[in-house]
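**Q** Could you look at this predicted model? Sequence included:
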2 protein chains.
Amino acid sequence: MAAPSPPSRPRALLAAELGGGTQASQRLLAYSDALLSIIATVMILPVAHTKIHPDQKLGESVQQLLATKIAVYLMTFLIVTVAWAAHVRLFQVIELIDDVLALLNLACMMLITFLPYTFSLMASFPDVPFGIFLFSSCAVIIGAIQALIVVYGFRHPYLLNLEIQESENQEFYKYHILRIILRGPTLSFFAAIFSFFFIPLSYMFLGLVIFFPHVSHLIKWFKRKFLGHEEEVPLESFTVYLTEPLSKERVEAFSDGVYAIVATLLILDICEDNVPDAKEVKEKYHGHLINALNEFGPAFLAYFGSFVTIGLLWFVHHSLFLHVMKATRLMGLLNTFSLAFIGGLPLAYQLTSDFAEKSHNEIEAIQVSCVTIFFASIFQFGIWIAALFYQRETLHPFARYGGKEHAFMFAKLALYPCVSLSVFFLTCIVSELSTTIFHLTQIIVPFAFLVLRLLVRIGLLALRSIMSLSRRRRNVLEEEEACLSAAEILS
Amino acid sequence: MAAPSPPSRPRALLAAELGGGTQASQRLLAYSDALLSIIATVMILPVAHTKIHPDQKLGESVQQLLATKIAVYLMTFLIVTVAWAAHVRLFQVIELIDDVLALLNLACMMLITFLPYTFSLMASFPDVPFGIFLFSSCAVIIGAIQALIVVYGFRHPYLLNLEIQESENQEFYKYHILRIILRGPTLSFFAAIFSFFFIPLSYMFLGLVIFFPHVSHLIKWFKRKFLGHEEEVPLESFTVYLTEPLSKERVEAFSDGVYAIVATLLILDICEDNVPDAKEVKEKYHGHLINALNEFGPAFLAYFGSFVTIGLLWFVHHSLFLHVMKATRLMGLLNTFSLAFIGGLPLAYQLTSDFAEKSHNEIEAIQVSCVTIFFASIFQFGIWIAALFYQRETLHPFARYGGKEHAFMFAKLALYPCVSLSVFFLTCIVSELSTTIFHLTQIIVPFAFLVLRLLVRIGLLALRSIMSLSRRRRNVLEEEEACLSAAEILS
């Protein structure tokens, strides 16, 4: 009849309910990342599926698309990214989960997956307050659930990050994380109220939701840079992870989700559109399936070309983050922009496979593809540049300026911007460029990667053989140092 | 001019090229899992999007669907799962990757994502050999690429699993893994050859690709069980991971991908179909957006109901695998079946949201949903039963029979089969059941989980108070033991 002694309970709960405690949280986060990345990307489908008449000029159609559907896509992508960033911060504080937290998180995910619909409403009825109101209400409820998660977490402190658990001013951390999480919902709340009086103002509030964290960070940076180092918060109360906004693992997981869904959206289109009709094959091609499939040749070529491009862009991203130790806020922002353009690739694929016949639209379709690929890859390049600025904190030693892998990484990242830009200028000069040639170029690029490695090696060898013996010796020492520290990280 | 000394090279390469070596492989695997799970699931979309006329009887239509599209979906799902299992085995042997392996793996992924298309061809033209030939060729090329990965891995032994690296009979391991990987492609090769002579035989070969591993395992099991313990291979040459076919992490990653894509396919449909037309709103509803949206009420309810169901099934899966230490082959097979039915949920959603009006089809739509949910959850239950058979190896102590969490886990897993079965029988008795009530039931279930925990606790408390003092003491000791071992695992 004696109740179990109180001090032993939390430990028993921890062991029994959480089993592989931390692991539990990891899988919840992986699942959330998958959901969020798919939701962010999937809104490109309504854009890509908009039918364009072959005799309609692509330029006009693209403008028409731009007006609504692309805007919905971009808004969804950015808002979901903001929600994802808040989610990352939240689960940096709460490291273990239990059933209640898992269910609360699922409720939160359900509302986030509903956001794209509210955007579609807003885009279709920009002057009706209901769309904004619906979106803002969702955002407010999401904020409320996340606040509930924080409160629940601080009531059961064994769920928290160890550092916070042991810290003396838990209250401070609690309000700090609540402030971060409720920033967006508060702005949305004002947007909801103003939607009934003055709609432009509520749109402005929504824009603030996306850009506020970055703007405030920028202002702080300017203050620190130009007005001297003023930190009003006592520094000792901040731990590393509160100033470090994104965890590298979750940036990777989110990016992987986007790349994976984009790669597979392509085959979905192929399967739905390019299976010939049984009747048509019988009547038109006298039962010869291969002849019927011949007609879809350009679509298959477009598929393989696009898959190779997405695969390699993932490969570049993967190589890049292999060399990254820590992602700064700026790197996260650039990554978001890069991913937004990656998400646009299904549209590019749709255009190039639709306009496979020679026409003026064909050139424009290739140009749209080139621009999309260019921006996706140049923002990747931007991540690298941003990392180089603070290379001591962000990069592994062998990838830093002068490191063994620096030159090759540079070449890898520069490849796609260069190729896409040169194809774009080629389309301006040669008006005969066909999508077939374009897709073949896409398929050839991976071999360029292997050639690149060879070229970089030959280049480095040539450089080395020019250098004097004494210099080489110093180099070897440095290399060994880099290897050693890398080995330290590995162990 | 002096070349770098040969023995130091591999280490330098390891450090410089792979950076966080193992991590590199982890991300490649996570990305592959995401791609494979999406590909496996996404083929439900053509099934779900098949338009059914409201005056057509659902029974007939479902049969019509069954004939081709559902078969394509199931075949794709199972074949992709087989490819995934081979991929898991492959990267249990090769633990570190470099650029060449990453590119080879991407090429492999590209061909795997193309498989659903070959299935669509096979389903549309079952009596034309070209579809089978195309599929088999893809399978053979995939096998060739994977064999290339193995050969490359064994040529650069620092990429291999440490145990194999240090083992003396590397050749044995090499041929063992090659045999596992080339099994499917060899069967496909025969299928390709026979497709031109006798098509049924080649379909049989394709069926073998899916079931061969399981059949051969079953035969071995029977041999061991009934004909005495005969192992012809020297036992000492086998390490744990070669007899352990699936790594738990990758089962989780693959399952997460399936759950995530199914949850998000729903919102895609909502966004494409349920945004009212601006013109219609003006003319029919005099500009009142809310009235127009009212019409879509049932669709929203269906969305939230389905999302809750998928979310909770994920939650049950998550809880289950939290208690699992190791996944056996049978558990993997049951998990595949469960996931195949999870993938069918978008179809169920489509049916219940299409037939929201009262009609005979409405009941049948609910029945299809119930059957899908029942099979998805009963196979989850099956995983648990299969785990209990070998509970010493597969389950954490506190989840085993008699453990602290055993009863609650049992209740959690039994909830969905019971609910779906009882709703199904309700539809047979009460002919008035509407989809609205069905979806409301779906939304209420999560609260049942919380009540369940309460009930299980009350039940256990009651049980305890009945027991004698001496027994309780023994129990407490056992519990503490369980806690201790769980704590050991955590640390």
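**A** Structure received.
**Q** and the stretch 101-250 of chain A, which of its residues are near chain B?
**A** A:102-103, A:106, A:109-110, A:113-114, A:116-117, A:120-121, A:124-125, A:128, A:130-131 (CB under 8 Å from any CB of the partner chain). Using the backbone N, CA and C atoms, a C-beta is placed for each residue, glycine as well.
**Q** 7 Å instead, please
**A** Within reach of chain B by CB under 7 Å from any CB of the partner chain, the stretch 101-250 of chain A has these residues: A:102-103, A:106, A:110, A:113-114, A:116-117, A:120-121, A:124-125, A:128, A:130.
**Q** Of those residues, keep whichever come out buried.
**A** Among these, those scoring as buried are A:102-103, A:106, A:110, A:113-114, A:116-117, A:120-121, A:124-125, A:128, A:130 (criterion: 16 or more other CB atoms under 10 Å in any protein chain shown).
**Q** Among the residues you listed, which lie within strands?
**A** Secondary structure from DSSP state E places none of these in strands.
**Q** Go through those residues and name the one nearest A:Ile385.
**A** For these, the residue nearest A:Ile385 by CB to CB is A:Pro116; the value is 32.0 Å.
**Q** in terms of contact, does that closest one touch B:Ile267 like I think?
**A** Yes: contact criterion CB atoms under 7 Å: A:Pro116 and B:Ile267 qualify, at 5.9 Å.
**Q** any shared contact partners between these two?
**A** Common neighbours of A:Pro116 and B:Ile267, using CB atoms under 7 Å, 6 or more residues apart in numbering or on different chains, are A:Ile39.
**Q** Isn't A:Cys138 up against A:Leu111?
**A** Yes: at 5.1 Å, A:Cys138 counts as touching A:Leu111 under the criterion of CB under 7 Å.
**Q** related to what we said a few turns ago, can you redo the buried ones among the residues of the stretch 101-250 of chain A next to chain B as a markdown table with distance to B:Thr436?
**A** Formatted as a markdown table, those follow (distance: CB to CB, whole Å):
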| residue | distance to B:Thr436 |
| --- | --- |
| A:Ala102 | 28 |
| A:Leu103 | 24 |
| A:Leu106 | 23 |
| A:Met110 | 19 |
| A:Thr113 | 22 |
| A:Phe114 | 19 |
| A:Pro116 | 24 |
| A:Tyr117 | 20 |
| A:Ser120 | 24 |
| A:Leu121 | 23 |
| A:Ser124 | 26 |
| A:Phe125 | 26 |
| A:Val128 | 27 |
| A:Phe130 | 23 |
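**Q** Now, these that are in helices?
**A** Using DSSP state H, the subset of those located in helices is A:102-103, A:106, A:110, A:113-114, A:116-117, A:120-121, A:124, A:130.
**Q** where does the stretch 101-250 of chain A dip in pLDDT?
**A** Residues of the stretch 101-250 of chain A meeting the criterion pLDDT under 70: A:228-246.
**Q** how much space between A:Ile97 and chain B?
**A** For A:Ile97, the distance to chain B equals 10 Å [CB to the nearest CB, to the nearest Å].
**Q** quick one: that residue is in a strand?
**A** No: using DSSP: H, G, I helix; E, B strand; the rest coil, the secondary structure at A:Ile97 is coil, not a strand.
**Q** confidence score at it?
**A** With respect to pLDDT, A:Ile97 scores 82.
**Q** With A:Ala356 instead?
**A** The model reports A:Ala356 with a pLDDT of 53.
**Q** before we move on, what about A:Gln367?
**A** 83.
**Q** Go through the one helix or strand it maps to and flag the buried ones.
**A** Per DSSP states H and E, A:Gln367 falls inside helix A:360-389. Judged by neighbour count (16+ other CB under 10 Å), helix A:360-389 contains these buried residues: A:361-384, A:386-387.
**Q** which element follows it toward the C-terminus?
**A** Next element after helix A:360-389 (DSSP H and E): helix A:391-394.
**Q** hmm, that next one in reach of chain B?
**A** No: Helix A:391-394 lies out of reach of chain B by CB under 7 Å from any CB, never closer than 13.1 Å.
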